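Asker: Give me the fold of what follows.
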Amino acid sequence: MAGVYDALTARLAVEAGFDVVFVSGYCTAATQLGLPDFGYLTQTEIADTARRVCRSVRGTAVVVDGDTGYGNPLNVIRTVELFEEAGAAGIFLEDQQWPKKCGHMAGKRIVPAEEWLGKLQAAVDHRDRLFVVARTDARAVVGLDEACRRAQAAAAIGVDAVFVEAPESTDDMRAIAEATPGCTRVANMIETGKTPLLTPGELHDLGFDLVVSPLTGLLAATRALARAYEVLRREGTLRDHLELVTTFDDFGSVIDLERHYGLEARYTDAGS
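Answerer: Reported below is the predicted structural model:
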């Protein structure tokens, strides 16, 4: 799954050939608010982003970062409803205390396992079609053994996949796979993050078949934008650096400009 954060990035991911995309809370907080993934993003803000993404790539499965569910089990039910109304196909729900932090940041705290499991049960009981992923951040907070125990407990209540966040080695990943037989497991591939960056084939061999690369687009776009803005500020024009930008006509194809010209012509001609 390629990480996306708005309608444009979703369309670019689908154009690249992805059948499933992931609306990242980290990316959405950064791009919509200009803030870190510190719990600033609200339930309705991520649901609105999901709605725009789903609308822009109809027919593509969109999985959405549900953070902690934004409260207690009743709030989780509301989050599930909002995501399904938006058109989402899946949700990630984690066991951090609120305000949460990105899984690869320091300073995370987790709730008691029973509290998290209650939220997951609420999601499973009240979802219509959402694929529910149980994410635990216990690896960094209290250790791998507890993280595996939490993943086992989540699997027992009927979630669709388990996600032990931020394993720090392939040995960690093997231990997670051995502790969760029969489960679909998530691997979170963050460039320069805590987990080894592996290929889908390598991850499959370790027992991980649901792979998300949530920050690739954001990190690539940030570097490209910073470079283009630096040149523009220094030289006042990109005339001698057009390799830094997509052409105007090529961008038009990304946003399906010709189709909209066709619609305009159709209904303008109908009235003449």
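
Asker: mind listing the helices for the stretch 51-200 of the chain?
Answerer: Assigned by DSSP state H, counting those that start in this stretch, the stretch 51-200 of the chain shows helices spanning 73-86, 113-126, 138-141, 144-156, 170-179, 200-206.

Asker: right, so those: which one is the most enclosed?
Answerer: Greatest average neighbour count among those goes to helix 138-141 (a mean of 22), per mean count of other Cβ atoms under 10 Å. C-beta: built from backbone N, CA, C; applies to glycine.

Asker: any idea how far that one is from the chain center?
Answerer: Mean-position distance between helix 138-141 and its chain equals 20 Å (Cα atoms, centre = their mean, to the nearest Å).

Asker: Identify all contacting residues around it.
Answerer: The contact list for helix 138-141 (Cβ atoms under 8 Å, 6 or more residues apart in numbering) reads 95, 103, 108-110, 146-147, 150, 164-168, 172, 194.

Asker: Tell me where the chain has strands.
Answerer: For the chain, applying DSSP state E gives strands covering 2-4, 20-23, 61-65, 90-94, 131-136, 161-164, 186-188, 210-212.

Asker: Quick one: list the elements packing against the second one.
Answerer: Meaning strand 20-23. Strand 20-23 sits against strand 2-4, helix 7-15, helix 43-56, strand 61-65, with contacts defined as 3 or more Cβ pairs under 8 Å, 6 or more residues apart in numbering; DSSP states H and E.

Asker: Repeat that for the third one.
Answerer: Here strand 61-65 is seen to pack against strand 20-23, helix 25-28, helix 43-56, strand 90-94 when contacts are counted using 3+ Cβ pairs under 8 Å, 6+ apart.

Asker: same thing with the longest one?
Answerer: Using 3+ Cβ pairs under 8 Å, 6+ apart as the contact criterion, the neighbours of strand 131-136 among helices and strands are strand 90-94, helix 113-126, helix 144-156, strand 161-164.

Asker: Out of the helices and strands in the chain, which is least certain?
Answerer: helix 257-270 (a mean of 91; mean pLDDT, DSSP states H and E).

Asker: Please enumerate residues in contact with that helix?
Answerer: residue 252.

Asker: send the alpha carbons of it over as CSV?
Answerer: Provided in CSV are the C-alpha atoms of helix 257-270 (Å, rounded to 0.1, in the frame of the first residue of the first chain):
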residue,chain,number,x,y,z
LEU,A,257,-8.3,17.6,-17.8
GLU,A,258,-9.5,16.4,-21.3
ARG,A,259,-12.5,14.6,-19.7
HIS,A,260,-13.6,17.9,-18.1
TYR,A,261,-13.2,19.7,-21.4
GLY,A,262,-15.4,17.1,-22.9
LEU,A,263,-18.1,17.5,-20.2
GLU,A,264,-18.0,21.3,-20.6
ALA,A,265,-18.4,21.0,-24.4
ARG,A,266,-21.2,18.4,-24.1
TYR,A,267,-23.4,20.5,-21.8
THR,A,268,-22.5,23.8,-23.5
ASP,A,269,-23.5,22.4,-26.9
ALA,A,270,-26.7,20.9,-25.4
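
Asker: picking that back up, looking at the helices and strands packed on strand 20-23, which is closest to residue 202?
Answerer: Closest to residue 202 of these is strand 2-4 (Cβ to Cβ; 18.2 Å).

Asker: if we can go back for a sec, looking at the helices of the stretch 51-200 of the chain, which is nearest to residue 234?
Answerer: Using Cβ to Cβ as the measure, helix 200-206 is the one of those that comes nearest residue 234, at 40.1 Å.

Asker: thinking again about what came up before, turn the helices and strands packed on strand 20-23 into a markdown table, including mean neighbour count and distance to residue 128.
Answerer: Below are the helices and strands packed on strand 20-23 laid out as a markdown table (neighbours: other Cβ atoms under 10 Å; distance: least, Cβ to Cβ, whole Å):
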| stretch | mean neighbour count | distance to residue 128 |
| --- | --- | --- |
| strand 2-4 | 26 | 23 |
| helix 7-15 | 19 | 22 |
| helix 43-56 | 20 | 15 |
| strand 61-65 | 25 | 15 |
